[in-house]
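Q: Using only what follows, build the 3D model:
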Amino acid sequence: MLPFQTFLYAILGGIIPALLWLYFWLKEDKKNPEPKGLLLFAFATGMIAVLVAIPFEKYANTYFTGILLIILWSVIEEILKFAGAYFSVLKKKAVDEPIDIVIYMITVALGFAALENTLFLINLLIDGNITNTIINGNLRFLGATLLHTLSSATVGIMIAFSFYRGETLKKIYTFLGLILAIVLHTLFNFFIIKESGEKILTIFFFVWIGIVILILLFEKIKRIKNPIFYK
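A: Just a heads-up that it's a prediction; the model follows:
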């Protein structure tokens, strides 16, 4: 049976960083905050998506290897995060402006990262050799929160830019957003695995560049107005 202390440490280490990041992004949209209940629902949906992803990823691990397996991991996770956001909150009336899409996509992604990191930390704590494991390459869990945020936000940004467009264009933008998210996710996983822990800070540096670009686009999306009222 898993010791309570181990379980508690894993939860704190997995969930608190995700909640801090969520607080940061919510502060970016403080003029028109989202309902706390929906945010909590979106965060929980992201966590549930991890549980759904696990059997699919185990199946992929059984039958595929190499780059194809890495791509499949990314496809599974990005589709499940988007599907979770779409069916839980994105169709709600509260989602009434472009920036809301990005906020909820990020919230779902942070929920996903929170549980994924918690499960990862549980394995490290049970193993009992945390320092060695981190040094030898498992430091990648520290980048998972940023990676999930960036990839899901990419989908949200693409949808946001088509928020006041027709349904066909929205579908096209959504599809392109998912493709971009899968590519980003695949590249991150590929280089993390390839380097086996080496040059990991360089990989994180590029992720941080993506986060900076995301912040700039976030500000741009906040200024998108409904063209109906500005003709």
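Q: Just the strands from the chain, written as ranges.
A: Assigned strands in the chain: none (criterion: DSSP state E).
Q: Output the lowest mean pLDDT helix or strand found in it.
A: Using mean pLDDT, DSSP states H and E, the weakest-scoring helix or strand in the chain turns out to be helix 130-135, at a mean of 52.
Q: Give the residue spans of this protein that score low on pLDDT.
A: 1-6, 125, 127-142, 195-199, 227-231 (pLDDT under 70).
Q: try 80 this time
A: Applying pLDDT under 80 to the chain picks out residues 1-13, 28-32, 121-143, 192-203, 225-231.
Q: how about the helices in it?
A: Secondary structure of the chain (DSSP state H): helices at 4-27, 36-63, 66-85, 98-127, 130-135, 141-161, 167-195, 200-222.
Q: and the closest residue to residue 177 other than its chain neighbours, how far is that from residue 33?
A: Among residues not flanking residue 177 along the chain, residue 158 sits closest, at 3.1 Å (C-beta to C-beta, 6 or more residues apart in numbering). For every residue, glycine as well, the C-beta is placed using N, CA and C. Going from residue 158 to residue 33 by C-beta to C-beta, to the nearest Å gives 23 Å.
Q: Pick out whichever of the two has more residues nearby.
A: Neighbours were counted for residue 158 and for residue 33 using other C-beta atoms under 10 Å; residue 158 has more, 23 against 11.
Q: so who does the more buried one touch?
A: Contact analysis of residue 158 by C-beta atoms under 8 Å, 6 or more residues apart in numbering lists 173, 174, 176, 177, 180.
Q: just residue 178 next, same as before
A: Counting by C-beta under 8 Å, 6+ apart, residue 178 has contacts 78, 79, 82, 155.
Q: which among those residues gets closest to residue 121?
A: For the contacts of residue 178, the residue nearest residue 121 by C-beta to C-beta is residue 78; the value is 22.8 Å.
Q: can you pull the contacts of the closest one?
A: So residue 78 contacts 151, 152, 155, 178, 181, 182, 185 (C-beta under 8 Å, 6+ apart).
Q: tell me the contacts of residue 22?
A: 39, 43, 106, 107, 110.
Q: do residue 226 as well
A: residue 164 are the contacts of residue 226 under C-beta under 8 Å, 6+ apart.
Q: Can you tell me how far it is from residue 96?
A: Note on residue 226: its distance to residue 96, by C-beta to C-beta, is 10 Å.
Q: can you check residue 108 too?
A: Going from residue 108 to residue 96 by C-beta to C-beta gives 18 Å.
Q: higher neighbour count, these two?
A: Comparing residue 108 with residue 96 by other C-beta under 10 Å, the one with more neighbours is residue 108, at 34 against 10.
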